[in-house]
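>>> Build me a model:
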Amino acid sequence: MGADDGASSSSLSSSSAAVNQTLVLLQSDDPNSRVQAAKDIRRLTKTSQRSRRHFSGAVGPLVDMLRCGSAEANEAALAALLNLAVKDEKNKIDIVEAGALKPIISFLQSENVILQEHAAAALITLSASPIHKPVIGASGAIPLLVNILKFGGQQAKTDSVMALYNLSIHPDNIILILQTNPIPPLITQLKTCKKSSKIAEKCTALIESLVDFDEGRNVILSEEGGILAVVEVVEGGSVQSREYAVGILLTMCEREREKYREAILGEGVIPGLLELTVHGTVKSRTKAQKLLRLLREKPYPRAEIEGETLENIVCNIMCCIDGEDQTAKARNMLSEMVQVSMEQSLRHLQQRALSSCSSEVALK
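Just a heads-up that it's a prediction; the model follows:
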């Protein structure tokens with residue numbers, strides 16, 4: 001055996017001994033030793049996938065620590081479990097099967113801010129697994145997460161939004177979320193956060209799911225600044241957030257155009273929609289164009305508008321808009337849209353010409 005092989009073997013042996021020693025301390029009768037072992041596991045598993053596998057045997061003892069009355073032990077154990085669950089599906093399953101959900105959900109109601117934050121963060125990770133979404137939804141976590149969204153600290157609020165988004169992907173959970181009236185605090189988050197942030201993206205994704213229901217649409221309309229907050233994401237959100245935001249407004253108009261059209265137009269949505277028709281993703285462009293058609297003064301039958309230019313549709317809408325600044329902004333965007341449209345058409349013609357030339361050469 002070479003020197004390198006010997007060194008590698010020695011390193012593995014030393015690592016294995018350290019893992020075993022930590023696991024022994026984790027089950028010690030001394031509370032301080034257990035807390036220190038949990039902190040060591042948290043540190044060692046923070047960035048190492050291999051360490052998460054090595055310490056998989058710690059799940060049971062750590063879950064037991066969640067049930068003790070010591071806040072320090074609870075915090076240390078929950079932080080360690082959180083790191084063990086990151087990108088490790090087996091550990092996630094083991095954590096839930098060991099009975100961790102009940103104490104974690106109880107910590108959502110804790111007055112200990114750190115414990116509450118750790119609990120919300122743990123639910124983000126655990127709810128990322130498809131098999132856990134219905135289990136967590138049925139456990140009573142959703143009303144508590146929404147309560148944190150209303151009254152918790154900022155980090156806990158952010159984590160609650162992320163966890164609720166993960167849970168909302170399961171169809172049964174979206175009904176449970178809707179019943180907790182989450183849209184007002186989601187709108188509050190949208191008003192205060194950076195529009196291109198991850199939390200804005202998850203807030204708009206959640207709201208888009210909720211506006212499929214009458215209750216969701218009515219709350220956005222009645223909530224002060226609700227539609228405006230969505231329009232601001234259309235204008236300044238990330239690529240994905242803008243797609244969700246225009247989807248919210250489109251769903252509202254598709255379901256009850258007469259009820260929502262004036263409110264949406266009144267918040268100055270046209271410039272943002274025009275920009276999306278030029279610079280948005282394929283989905284965003286399609287949604288923005290559909291919404292512009294629905295926002296026109298008179299909804300025409302689909303067959304009648306198929307051949308109509310988007311420019312004419314926008315001009316029709318602008319005639320009904322009050323406010324010189326808004327109209328001027330829309331006209332500037334329209335000019336840019338026409339210019340881009342002309343450039344795209346020219347490129348298309350050039351490509352067709354090149355294709356034709358290539359075909360002629362090939363035929364020769």
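>>> hang on, G152 packs against Q116?
Yes - contact criterion Cβ atoms under 8 Å: G152 and Q116 qualify, at 6.5 Å. For every residue, glycine as well, the C-beta is placed using N, CA and C.
>>> Can you list the low-confidence ranges for the stretch 251-364 of the chain?
297-364 (pLDDT under 70).
>>> and A38, how far is that from K259?
Note on A38: its distance to K259, by Cβ to Cβ, to the nearest Å, is 54 Å.
>>> do L167 as well
The value you get for L167 to K259, if Cβ to Cβ is used, is 29 Å.
>>> For the two, work out which one has more neighbours and name it.
Neighbour count, other Cβ atoms under 10 Å: between L167 and K259, L167 has more, with 25 against 13.
>>> Phi, psi for that one please.
In terms of degrees, to the nearest 10, the main-chain angles of L167 are phi -70, psi -30.
>>> who's in contact with it?
Going by Cβ atoms under 8 Å, 6 or more residues apart in numbering, L167 touches S127, K133, I136, G137, A141, I142, L145, N173, I177.
>>> The same query, at a cut-off of 7 Å, please.
S127, K133, I136, G137, I142, N173 (Cβ atoms under 7 Å, 6 or more residues apart in numbering).
>>> any idea what sits nearest the first one, other than its immediate chain neighbours?
Across the structure, with Cβ to Cβ, 6 or more residues apart in numbering as the measure, the residue nearest S127 apart from its sequence neighbours is N166 (3.9 Å).
>>> number of nearby residues for the one you found?
By other Cβ under 10 Å, the residues close to N166 number 22.
>>> Touching, it and P130? I think so.
No - using Cβ atoms under 7 Å, N166 makes no contact with P130, being 9.8 Å away.
>>> does the residue nearest to S127 belong to a helix or a strand, and which?
helix 154-168 (DSSP states H and E).
>>> before we move on, what about P61?
Here P61 is assigned to helix 59-66, by DSSP H and E.
>>> related to what we said a few turns ago, just after the helix holding N166, pick out the following helix or strand.
Criterion used, DSSP H and E; the element after helix 154-168 is helix 171-178.
>>> Can I get that next one as CSV, trimmed to CA atoms?
Provided in CSV are the C-alpha atoms of helix 171-178 (Å, rounded to 0.1, in the frame of the first residue of the first chain):
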residue,chain,number,x,y,z
PRO,A,171,-53.9,20.7,-4.5
ASP,A,172,-55.4,19.8,-1.1
ASN,A,173,-53.2,22.3,0.6
ILE,A,174,-54.2,25.3,-1.5
ILE,A,175,-57.7,25.1,-0.1
LEU,A,176,-56.3,25.0,3.5
ILE,A,177,-54.2,28.0,2.7
LEU,A,178,-57.1,29.9,1.2
